[in-house]
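1. sequence plus the predicted model coming up.
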Amino acid sequence: MNNYNFDEYINRKNSDCVKYDGLKKYFNVDDARPMWVADMDFKTPQFILEDLKKVFDKKILGYPIVSHRVYNSIISWYKNRHQISNFDKNDILLTTGVVTALSACIEAFCNIEDEVIIQTPVYFPFFSVVKDNNRKLIINPLKNKKDYYTMDFEDLKSKITSKTKLLILCSPHNPVGRVWSKEELLELAKICYEHNITIISDEIHSDLVFKKFTSFLHLEDKYLENVVILNSPSKTFNLAGLNSSYIICKNDTLKTRLNKVIQKRHIASVNIFGLESIISSYTKGEEWLKMLLFYLQDNIITVEESLKQNGNNITFCKPEATYLLWLNFSKINDSHKNIFSRLLHNAGLALNDGSTFGKEAKHYFRLNIALSKDELIKSLSYLNNEFN
């Protein structure tokens, strides 16, 4: 077994990365410990770097074709990791990013002023991508019981109208860390099928799970007629800068409509390194991912124990997926605005402001724990010192 070193510290400052060098732009500070944007401080797997170097070593970076190896790697990954084998090459469309693909889906599957449902609190581009396409945003808030979130199906059904055409699902969920059960997905699929609502399922965190992941692709075929899956290896293998993603769609009519928009927007041309990264990730990444998940789980335990030992009333529900913790500061006797300021200016920690994920997220902040244990412990010491 390879000895993957997740304890290695890599100095990312002055490397033109958003996470560190974007602090001034997004937080108006020059220096803080960045625990916000969802990329990892772990080195991109060496086997991927070596495969990308082989591309570079060819000395000419001309226009690439999409070889059968790209499609085969995706199909093989789903079969081996998720026991899914009910799609083929013809069901896959490549795009230059999951949010890019999401925007294309909205244009393809509904008209201006049609309604699109999202379930908050949720990944904040879901808000903007609906509004930027001039569609009407409908909020179906998740139910929160002691920081464990579930879908509110009764509220969902009450908000569906003849103008409701799409529902965007985050699966697994960012930021609350849920892996939706098969029963939950089936209930959602039945409601949307009955009302002819297309589901766009963002499954970019589907490999970063600590329990069995269920995709819509696990459901019976009739429910796949109105489901579109968005995914990428970028979160799993720390490849966000390569702008490569894919769509799985089994409905030929939806696929044709979507492909027209993709071609119109010219977003199908994944770059040569992005294509190679898909192949490398999905053909060589199983062992590395296993080790990553062990490390992330240990980091989650580290946070849990640190907060309990310091008794500072900051709580969270252990995530079922992702390397993002949804911290609850509601027991801290202070305003949301002041807590954000104290985190940033006193503790020197840049966390995502929960309010950007939905109005339900007052007193919540998102913490990225995908970093070395030593660096995590340092950050926790600053957090505990401020809120003890």
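-> Ah, there it is. Residues are numbered from 1 along each chain as shown.
2. going by C-alpha atoms from here, please, whenever you check contacts or count neighbours.
-> Fine.
3. determine the longest helix present in the protein.
-> Determined from DSSP state H, the single longest helix within the chain is helix 286-310.
4. then V99 would be within a helix, right?
-> Yes: assignment of V99 by DSSP: H, G, I helix; E, B strand; the rest coil places it within a helix.
5. counting neighbours, what do you get for it?
-> 17 (other Cα atoms under 10 Å).
6. just checking, it touches P125?
-> Yes: between V99 and P125 a contact is recorded at 7.3 Å, counting by Cα atoms under 8 Å.
7. for Y123, list the residues it contacts.
-> By Cα atoms under 8 Å, 6 or more residues apart in numbering, the contact list for Y123 reads C170, N174, P175, F357.
8. got the phi/psi numbers for the residue of the chain positioned farthest from its centre?
-> Within the chain, the residue lying farthest from the chain centre (Cα atoms, centre = their mean) is K59, at 33.9 Å. Phi and psi for K59, reported as degrees, to the nearest 10, are phi 70, psi -10.
9. list the residues that contact it.
-> If you count contacts by Cα under 8 Å, 6+ apart, then K59 has nothing around it.
10. swap in L188?
-> Shown in contact with L188 (Cα under 8 Å, 6+ apart): F153.
11. kindly report the same for N310.
-> N384, N388.
12. pLDDT value on it, please?
-> N310 carries a pLDDT value of 90.
13. which residues in this structure form strands?
-> For the chain, the strands defined by DSSP state E cover 33-34, 92-95, 115-118, 136-139, 143-145, 148-150, 164-170, 198-202, 227-231, 245-249, 324-328, 349-350, 352-353, 364-368.
14. got those strands as CSV, with distance to K212 columns?
-> Below are the strands of the chain laid out as CSV (distance: least, Cα to Cα, whole Å):
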stretch, distance to K212
strand 33-34, 30
strand 92-95, 23
strand 115-118, 24
strand 136-139, 28
strand 143-145, 22
strand 148-150, 17
strand 164-170, 16
strand 198-202, 17
strand 227-231, 17
strand 245-249, 20
strand 324-328, 18
strand 349-350, 31
strand 352-353, 27
strand 364-368, 22
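15. could you dump those into a markdown table and include mean pLDDT?
-> As requested, the strands of the chain are exported to a markdown table (pLDDT from 0 to 100):
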| stretch | mean pLDDT |
| --- | --- |
| strand 33-34 | 98 |
| strand 92-95 | 98 |
| strand 115-118 | 98 |
| strand 136-139 | 98 |
| strand 143-145 | 97 |
| strand 148-150 | 98 |
| strand 164-170 | 98 |
| strand 198-202 | 98 |
| strand 227-231 | 98 |
| strand 245-249 | 98 |
| strand 324-328 | 98 |
| strand 349-350 | 98 |
| strand 352-353 | 98 |
| strand 364-368 | 98 |
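16. include distance to V270 and mean neighbour count when you put these into JSON lines, please.
-> Converted to JSON lines, the strands of the chain look like this (distance: least, Cα to Cα, whole Å; neighbours: other Cα atoms under 10 Å):
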{"stretch": "strand 33-34", "distance to V270": "29", "mean neighbour count": "21"}
{"stretch": "strand 92-95", "distance to V270": "6", "mean neighbour count": "22"}
{"stretch": "strand 115-118", "distance to V270": "28", "mean neighbour count": "24"}
{"stretch": "strand 136-139", "distance to V270": "30", "mean neighbour count": "18"}
{"stretch": "strand 143-145", "distance to V270": "38", "mean neighbour count": "13"}
{"stretch": "strand 148-150", "distance to V270": "35", "mean neighbour count": "16"}
{"stretch": "strand 164-170", "distance to V270": "23", "mean neighbour count": "23"}
{"stretch": "strand 198-202", "distance to V270": "19", "mean neighbour count": "24"}
{"stretch": "strand 227-231", "distance to V270": "14", "mean neighbour count": "25"}
{"stretch": "strand 245-249", "distance to V270": "8", "mean neighbour count": "24"}
{"stretch": "strand 324-328", "distance to V270": "27", "mean neighbour count": "22"}
{"stretch": "strand 349-350", "distance to V270": "32", "mean neighbour count": "26"}
{"stretch": "strand 352-353", "distance to V270": "29", "mean neighbour count": "20"}
{"stretch": "strand 364-368", "distance to V270": "28", "mean neighbour count": "24"}
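17. and L307, which of those strands is closest to it?
-> strand 324-328 (10.5 Å; Cα to Cα).
18. so where's the chain shaky on pLDDT?
-> 1-3 (pLDDT under 70).
19. how far away is I65 from N271?
-> 10 Å (Cα to Cα, to the nearest Å).
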